[in-house]
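Colleague: okay, sequence plus prediction incoming.
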Amino acid sequence: MMRPVPRPGLLAIDAYVPGKSAAPGSGRVYKLSANETPLGPSPAAIEALRDMAHEIAIYPEGSSRKLREAIGARHGLDPARIIMGAGSDNILELLALAYIGPGDEAIYSQYGFLEYKIVTLAAGGVPVVAPETNYIASVDALLACVTEKTKIVFLANPNNPTGSYLPAAEVARLAGSLPPQTLLVLDAAYAEYVTNADYEAGVALVDAHDNVVMTRTFSKIYGLAGLRLGWGYGPAHVIDALNRIRSPFNVSSAASAAGIAAIDDAAHVQAAIAHNSKWLPWLAREISALGLDVLPSVANFIAIRFPTTPGRTAADADRFLTARGLVLRAVGAYGMGEFLRLTIGPQEANEAVVAALAEFMQEAK
Ligand code: PMP
């Protein structure tokens with residue numbers, strides 16, 4: 001029987017599988033699988049949503065102008081060089097569609113965020129994977145993959161799911177060494193959690209180069225993941241290209257209103273940073289003390305490595321923790337089957353994870 005068939009290659013793309021949600025009705029459950037903030041959204045964002053509810057019969061202003069202005073004011077950026085998206089995933093997708101054609105190559109690091117592969121394949125491009133040692137992206141390995149077909153290099157910094165971080169000087173070396181026709185996409189979804197002076201390094205790199213774009217999100221520290229809101233900052237010519245293919249109303253008026261309120265609530269962001277700065281090192285220390293390796297992380301999650309011994313594996317731990325209402329993220333799809341990724345949660349969840357892991361390690365002996 002004849003039926004429409006997706007274009008060649010499309011059915012070879014594996015869909016992104018999000019972190020498990022908390023199963024309803026199974027007692028107290030902590031979802032620590034999607035790097036969401038334990039503090040929730042700013043109360044001002046919730047209020048803004050309520051206040052705009054009567055407007056939802058009306059289309060939003062298509063370019064999210066007011067939100068771009070609010071972001072511009074907050075970060076000292078030209079709003080004309082910002083583009084809003086339905087999550088930063090939307091910006092990554094637009095970048096791939098705009099710059100990658102059939103047969104073109106896009107490079108990302110071995111344990112880089114999985115969406116890079118998906119958007120590259122969706123655009124008809126060829127994903128090229130640069131090897132890592134010790135779960136940290138290598139600028140030299142990325143550069144060694146560059147050919148005349150390389151249209152984009154994607155780099156998440158900090159990276160998900162490893163939590164690893166390349167210092168600003170290394171990222172600057174990458175930006176400075178790429179051919180001018182290759183776009184460097186700096187995915188800074190977790191930038192706010194980086195507590196050293198590098199925090200806004202992406203902005204300076206965008207300003208210094210004609211081929212560097214930064215993506216950011218409201219899903220993580222701002223606690224608006226469910227509204228789908230992200231943005232890109234880049235040279236005017238890149239923003240112009242993306243705006244030509246952006247769907248006309250890709251950001252809802254609800255998301256815009258909440259985003260404007262959230263970006264104005266600096267105290268809420270500070271509280272989230274303070275919470276993370278306290279619990280990230282605590283979890284890393286406590287979990288290491290149980291004899292498990294954790295990858296050094298600067299983000300709001302940590303990757304925990306489990307032994308390969310039957311009964312003690314990551315899959316065993318995943319079952320053990322899930323049964324206790326602690327939902328972590330299996331990262332086998334990243335080629336990290338020995339790991340589980342744990343989002344920094346509220347205090348009770350963090351303490352419950354450590355207690356459960358201690359029990360797991362004890363039982364597995
Ligand atoms: N980049 C990275 C590195 C991420 O971890 C995520 C969220 N999983 C995203 C981008 C996309 O986030 P969002 O679309 O919610 O902005």
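Modeller: Looks like it came in fine.
Colleague: show me what contacts the residue nearest to residue 12 when sequence neighbours are not counted?
Modeller: In space, and not counting its chain neighbours, residue 12 is closest to residue 121: 7.4 Å by C-beta to C-beta, 6 or more residues apart in numbering. Any C-beta I mention is one placed from the backbone N, CA and C, and that applies to glycine too. If you count contacts by C-beta atoms under 8 Å, 6 or more residues apart in numbering, residue 121 has them with 9, 12-13, 127.
Colleague: name the residues of the stretch 1-150 of the chain found near the ligand, please.
Modeller: When proximity is defined by C-beta under 6 Å from any ligand atom, the stretch 1-150 of the chain lies next to the ligand at 87-89, 113.
Colleague: need those residues in a markdown table (columns: distance to residue 149).
Modeller: Formatted as a markdown table, these follow (distance: C-beta to C-beta, whole Å):
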| residue | distance to residue 149 |
| --- | --- |
| 87 | 28 |
| 88 | 25 |
| 89 | 24 |
| 113 | 22 |
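Colleague: among these, which pair sits farthest apart?
Modeller: Spanning the widest gap among those are 87 and 113, at 12.4 Å by C-beta to C-beta.
Colleague: domains for the protein, by residue range?
Modeller: 19-40+267-363, 43-265 (automatic domain parsing).
Colleague: on that earlier part again, just the buried ones among the residues of the stretch 1-150 of the chain next to the ligand, please.
Modeller: For these, a burial check counting by 16 or more other C-beta atoms under 10 Å picks out 87-89, 113.
Colleague: still on that earlier bit, how far does whichever strand or helix holds the residue nearest to residue 12 sit from the chain's center?
Modeller: In this structure, residue 121 sits in helix 115-122 according to DSSP states H and E. Centre-to-centre, helix 115-122 and its host chain are 14 Å apart (C-alpha atoms, centre = their mean, to the nearest Å).
Colleague: quick one: least confident helix or strand in the chain?
Modeller: helix 201-208 (a mean of 92; mean pLDDT, DSSP states H and E).
Colleague: elements contacting the helix or strand just after that helix?
Modeller: Later in the chain than helix 201-208, the nearest helix or strand by DSSP H and E is strand 212-217. Counting contacts by 3 or more C-beta pairs under 8 Å, 6 or more residues apart in numbering; DSSP states H and E, strand 212-217 packs against helix 88-99, strand 183-187, helix 201-208, strand 230-233.
Colleague: what residues of the shortest one count as buried?
Modeller: By neighbour count on 16+ other C-beta under 10 Å, the buried set for strand 230-233 is 230-233.
Colleague: now do the contacts for the nearest residue to residue 210 once chain neighbours are set aside.
Modeller: Using C-beta to C-beta, 6+ apart and skipping residues adjacent in sequence, the residue nearest residue 210 is residue 235, 5.2 Å away. Listed by C-beta under 8 Å, 6+ apart, the contact partners of residue 235 are 81, 206, 209-213.
Colleague: identify the single longest helix in the protein, thanks.
Modeller: Longest helix in the chain by number of residues, with DSSP state H as the criterion: helix 266-289.
Colleague: buried sites along that helix?
Modeller: 268-269, 272-273, 275-276, 279-280, 283-284, 286-287.
Colleague: tell me how far the helix or strand just after it lies from the chain's centre.
Modeller: The C-terminal neighbour of helix 266-289 among helices and strands, as given by DSSP H and E, is strand 293-294. Distance, stretch centre to chain centre, for strand 293-294: 21 Å (C-alpha atoms, centre = their mean).
Colleague: over to stretch 146-153?
Modeller: From the chain centre to the centre of stretch 146-153 is a distance of 22 Å (C-alpha atoms, centre = their mean).
Colleague: which residues sit against stretch 57-65?
Modeller: Under the contact criterion C-beta under 8 Å, 6+ apart, stretch 57-65 has outside partners 79, 84, 243, 248-249, 251-253, 256.
Colleague: max pairwise distance over the contacts of residue 235: which two?
Modeller: 81 and 211 (14.0 Å).
Colleague: gap between the nearest residue to residue 214 once chain neighbours are set aside and the ligand?
Modeller: For residue 214, ignoring the flanking residues on the chain, the nearest one in space by C-beta to C-beta, 6+ apart is residue 202 at 3.9 Å. Remark: distance between residue 202 and the ligand (C-beta to the nearest ligand atom, to the nearest Å) = 13 Å.
Colleague: is it true that residue 202 touches residue 190?
Modeller: No. Counting by C-beta atoms under 8 Å, residue 202 stays clear of residue 190, with 11.5 Å between them.
Colleague: just to revisit the earlier point, what's the most buried one of the domains of the chain?
Modeller: The highest average neighbour count among these, using mean count of other C-beta atoms under 10 Å, belongs to domain 43-265 at a mean of 20.
Colleague: how far away from the center of its chain is it?
Modeller: In this view, domain 43-265 has its centroid 9 Å away from the chain centroid, taken as C-alpha atoms, centre = their mean.
Colleague: how about the strands in the stretch 51-200 of the chain?
Modeller: Ranges of strands in the stretch 51-200 of the chain, per DSSP state E, counting those that start in this stretch, are 82-85, 105-109, 126-130, 150-156, 183-187.
Colleague: output those strands as CSV; include the columns mean pLDDT.
Modeller: Listed next are these as CSV, based on pLDDT from 0 to 100:
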stretch, mean pLDDT
strand 82-85, 98
strand 105-109, 98
strand 126-130, 98
strand 150-156, 98
strand 183-187, 98
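Colleague: all set, thanks.
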